[in-house]
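Undergrad: here is the input, now give the coordinates:
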Amino acid sequence: MEGKFEGKKDDLKGRAKEAAGDLTDDDELKREGKADRAAGTVKEKLEKAKEKGEEVIDKAKERIQRR
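TA: Model prediction:
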């Protein structure tokens, strides 16, 4: 279940870094924040793809077992 929230965690961490970078006028921190947010988006999409793949496998197993 932990993996399910990794993307959200990275997104929130990135947003916090971006906000801190804006407040302190720190471009490096803003870039780090954007990178964290992008990583969060990728993790969320990978998790969704994994869940979809697991659903397909489960359905295939059910069909095989019914035969």
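
Undergrad: by contact count, what packs against the longest helix anywhere in the chain?
TA: Secondary structure assigned by DSSP state H gives helix 27-66 as the longest helix of the chain. If you count contacts as 3 or more C-beta pairs under 8 Å, 6 or more residues apart in numbering; DSSP states H and E, helix 27-66 packs onto helix 2-24. (Each C-beta comes from the backbone N, C-alpha and C, glycine too.)

Undergrad: distance of A38 relative to D10?
TA: 9 Å (C-beta to C-beta, to the nearest Å).

Undergrad: of the two, give the one with the bigger neighbour count.
TA: Ranked by neighbour count (other C-beta atoms under 10 Å), A38 and D10 place D10 first, with 20 against 13.

Undergrad: OK, contacts around the closest residue to that one other than its chain neighbours?
TA: Among residues not flanking D10 along the chain, G40 sits closest, at 3.3 Å (C-beta to C-beta, 6 or more residues apart in numbering). Contact analysis of G40 by C-beta atoms under 8 Å, 6 or more residues apart in numbering lists 6-14.

Undergrad: buried subset of those residues as a PyMOL selection?
TA: In PyMOL, a selection of the buried entries from these looks like this (16 or more other C-beta atoms under 10 Å):
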select buried, resi 7+10+11+13+14
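
Undergrad: buried stuff in the longest helix of the chain?
TA: 29-30, 32-33, 36-37, 39-40, 43-44, 47.

Undergrad: tally of neighbours for R15?
TA: Counted with other C-beta under 10 Å, R15 comes out at 15.

Undergrad: now for it: which residues touch it?
TA: By C-beta under 8 Å, 6+ apart, R15 lies in contact with 33, 37.

Undergrad: name the nearest residue to K9, ignoring sequence neighbours.
TA: Using C-beta to C-beta, 6+ apart, the nearest residue to K9 is G40, at 7.2 Å.

Undergrad: so, low pLDDT: which residues of the chain?
TA: Low-confidence segments of the chain (pLDDT under 70): 1-2.

Undergrad: one more time with 80, if that's ok
TA: For the chain, residues meeting the criterion pLDDT under 80 lie at 1-4, 67.

Undergrad: for D26, grab phi and psi.
TA: Backbone torsions of D26, given as degrees, to the nearest 10, read phi -100, psi 100.
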